[in-house]
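Chemist: Sequence and predicted model, in that order:
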Amino acid sequence: MNDTVSAEQRNTKADTSRGIIRWLIREVMGIVLVVLTLFLPAGRWDWAMGWALVGIYVVWSAANALILIPRSPELLVERATRKKGLKTWDTVILSIIGLITIAKHITAGLDVRFGWTSPMPLALQITALVIAVLGYALGTWAMAVNAFFSLVVRIQEDRGHAVITGGPYRAVRHPGYAGTMVFELVTPIMLGSLWALIPGVLAALLTLIRTALEDGTLHEELPGYAEYAQQTRYRLLPGVW
């Protein structure tokens with residue numbers, strides 16, 4: 001019996017280690033993609049705000065690793081593994097957001113190369129940078145609190161999915177999406193490109209739609225969520241929605 005338990009524990013640890021490695025590889029590849037989609041269209045490497053955006057992604061990934069590997073490694077495995085129960089509509093929305101994000105980076109890079117947008121005040125760009133960091137910090141906080149903060153919408157019955165009410169979830173039901181929307185809207189300003197606001201706004205609108213759809217799914221399928229929603233009334237912004 002003990003040998004069986006030990007074997008199961010070893011298999012679980014091995015699966016977790018493989019999942020974490022997959023997550024790390026995906027994060028590194030994502031950062032490389034950001035670099036390529038920003039700087040190749042820009043035609044230059046001495047773009048301070050472009051590197052600042054890359055830095056945000058690097059710090060985000062490092063913070064997630066430092067916080068979650070010791071505390072909740074199974075969440076990283078969840079975020080790196082395709083499992084049953086995915087919603088088709090969510091897969092479609094995520095794919096479109098991914099393409100729009102690439103379009104945002106390429107547009108900003110081309111704007112830098114060809115000067116479509118008049119130079120913005122540095123103070124405005126730095127302010128946008130600070131707000132972008134705060135948006136991602138909110139997402140990191142939500143992930144640290146919520147052990148079920150999956151990359152995709154699914155009810156994680158295999159992991160004992162439960163309602164989370166602590167941390168930023170006391171104020172709004174979807175703090176991660178709130179931070180994401182802020183990030184999408186301010187990064188074009190940070191990069192100095194008004195044209196990049198077009199894909200940025202589209203990504204924010206799709207995130208808004210995704211929030212509404214996920215909230216409905218949780219109401220219908222996650223026990224206790226309807227009661228939580230009665231106590232925490234707002235989805236993204238207290239007093240508004």
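Modeler: Ah, there it is. Numbering: from 1, shown residues only.
Chemist: so for the helix or strand where Val186 lies, what's the average pLDDT?
Modeler: Applying DSSP states H and E as the criterion places Val186 in helix 175-190. Helix 175-190 carries an average pLDDT of 96.
Chemist: Output that helix in CSV, but only the C-alpha positions, please.
Modeler: Coordinates of each C-alpha in helix 175-190 appear next as CSV, following Å, rounded to 0.1, in the frame of the first residue of the first chain:
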residue,chain,number,x,y,z
PRO,A,175,-10.2,41.6,-10.8
GLY,A,176,-7.9,39.9,-13.2
TYR,A,177,-10.0,41.0,-16.1
ALA,A,178,-10.2,44.5,-14.7
GLY,A,179,-6.4,44.7,-14.6
THR,A,180,-6.2,43.3,-18.2
MET,A,181,-8.6,45.9,-19.6
VAL,A,182,-6.6,48.7,-18.0
PHE,A,183,-3.4,47.2,-19.4
GLU,A,184,-4.9,46.9,-22.9
LEU,A,185,-6.1,50.5,-22.9
VAL,A,186,-2.9,52.2,-21.6
THR,A,187,-0.1,50.3,-23.3
PRO,A,188,-0.7,52.1,-26.7
ILE,A,189,-0.3,55.4,-24.9
MET,A,190,2.8,54.1,-23.2
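Chemist: The helix or strand following that helix versus helix 175-190: what angle between them?
Modeler: Using DSSP H and E, the helix or strand that follows helix 175-190 towards the C-terminus is helix 197-221. Here helix 197-221 points in a direction 180 degrees away from that of helix 175-190 (axes from the mean of the first three to the mean of the last three Cα atoms, to 10 degrees).
Chemist: Mind listing what's buried along helix 197-221?
Modeler: 197, 199-204, 206-207, 210-211, 214-215, 217-218 (16 or more other Cβ atoms under 10 Å). No exception for glycine: its C-beta is placed from N, CA and C like everyone else's.
Chemist: cool, stretch 23-40 as well?
Modeler: Quick answer for stretch 23-40 (16+ other Cβ under 10 Å): Trp23, Glu27, Ile31, Val34, Val35, Thr37, Leu38, Phe39.
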